[in-house]
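Q: Following is a predicted model, sequence given first.
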Amino acid sequence: METYADVLIVIDLQNGVCYSGEHLYNLKDLLNKVNNRIALYRKLHKPIIFVQHCDEELVPEEEPWAINANLDVQEEDFLVRKTHANSFYKTNLQSLLDQLSVHQIEFCGAQTEYCMDATIKFAHGLGYESFMVQKATSTLNNPYMSAEETIDFYENIWNNRFLQLIEDKS
């Protein structure tokens, strides 16, 4: 039996996040994995929310701000704009989830140690039951850890504390 939640939230998979001098780690596989989850949610008639970060480099309506063209975004999907790592901070995300009667969230997106971590932990604090397919997040190498090590590190922290990791069946 496939595991899914009430809603799928795709965070910051925008052109300027996916590629900013270098590609996010394992980007092609991440986009395939996210599209597989989008297809499942569409088949089940479950809502999909795309969160887009806005700042001086990700200016609304400009190319870096746009959601990656390889993702299956449809007119019926919901869009949330944010200016902070936490997707709930000063956005309509929580009221949208309330309107949709959401109790369970599945997360995917970027960047692992910033927007994903802040949003996952905040959702947990709000009482949502959260899920994520293994390796459905990505980031860049940093001075302390490779991107792969960062993803593994955060998935280890999140699993069974802030969310439940779902085994990737694709």
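A: Perfect, thanks for sending it.

Q: rest of the way, CA atoms for contacts and neighbours
A: Will do.

Q: Give me the distance between R37 and M132.
A: Per Cα to Cα, to the nearest Å, R37 is found 10 Å from M132.

Q: who's more crowded, those two?
A: When R37 is set against M132 and neighbours are counted by other Cα atoms under 10 Å, the residue ahead is M132, at 27 against 23.

Q: Tell me the gap between the strand or helix carrying N156 and the middle of its chain.
A: Counting by DSSP states H and E, the element that carries N156 is helix 147-158. Relative to its parent chain, helix 147-158 has a centroid offset of 15 Å by Cα atoms, centre = their mean, to the nearest Å.

Q: Could you do stretch 27-42 as well?
A: The answer for stretch 27-42 is 11 Å, by Cα atoms, centre = their mean.

Q: Quick one: mean pLDDT for it?
A: Average pLDDT, stretch 27-42: 97.

Q: Which residues does that stretch contact?
A: Stretch 27-42 is contacted by residues 4, 7-8, 10, 18, 47-48, 70-72, 108-109, 135-138, 170 when judged by Cα atoms under 8 Å, 6 or more residues apart in numbering.

Q: repeat that with 7 Å
A: Applying Cα atoms under 7 Å, 6 or more residues apart in numbering, the set of residues contacting stretch 27-42 from outside is P47, L71, D72, C108, A136, T137.

Q: helix/strand/coil for E113?
A: Assigned by DSSP: H, G, I helix; E, B strand; the rest coil, the conformation of E113 is helix.

Q: I151 versus that one, what's the distance?
A: Distance of E113 to I151, computed by Cα to Cα: 8 Å.

Q: tell me how far the worst-scoring helix or strand of the chain on mean pLDDT is from the chain's mean position?
A: One helix or strand of the chain scores below all others by mean pLDDT, DSSP states H and E: helix 15-18, with a mean of 94. The chain centroid and the centroid of helix 15-18 are separated by 13 Å under Cα atoms, centre = their mean.

Q: Can I get the next helix or strand after that helix in CSV, CA atoms only?
A: Moving toward the C-terminus from helix 15-18, the next helix or strand (DSSP H and E) is helix 27-43. The C-alpha coordinates for helix 27-43 follow below in CSV (Å, rounded to 0.1, in the frame of the first residue of the first chain):
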residue,chain,number,x,y,z
LEU,A,27,18.8,17.2,-9.2
LYS,A,28,17.5,15.0,-12.1
ASP,A,29,16.6,12.2,-9.7
LEU,A,30,15.0,14.6,-7.3
LEU,A,31,12.8,16.1,-10.0
ASN,A,32,11.8,12.6,-11.1
LYS,A,33,11.0,11.6,-7.6
VAL,A,34,8.9,14.8,-7.0
ASN,A,35,7.0,14.3,-10.3
ASN,A,36,6.2,10.7,-9.3
ARG,A,37,4.7,12.0,-6.0
ILE,A,38,2.8,14.7,-7.9
ALA,A,39,1.4,12.0,-10.2
LEU,A,40,0.3,9.9,-7.2
TYR,A,41,-1.5,12.9,-5.6
ARG,A,42,-3.2,13.8,-8.9
LYS,A,43,-4.4,10.2,-9.3
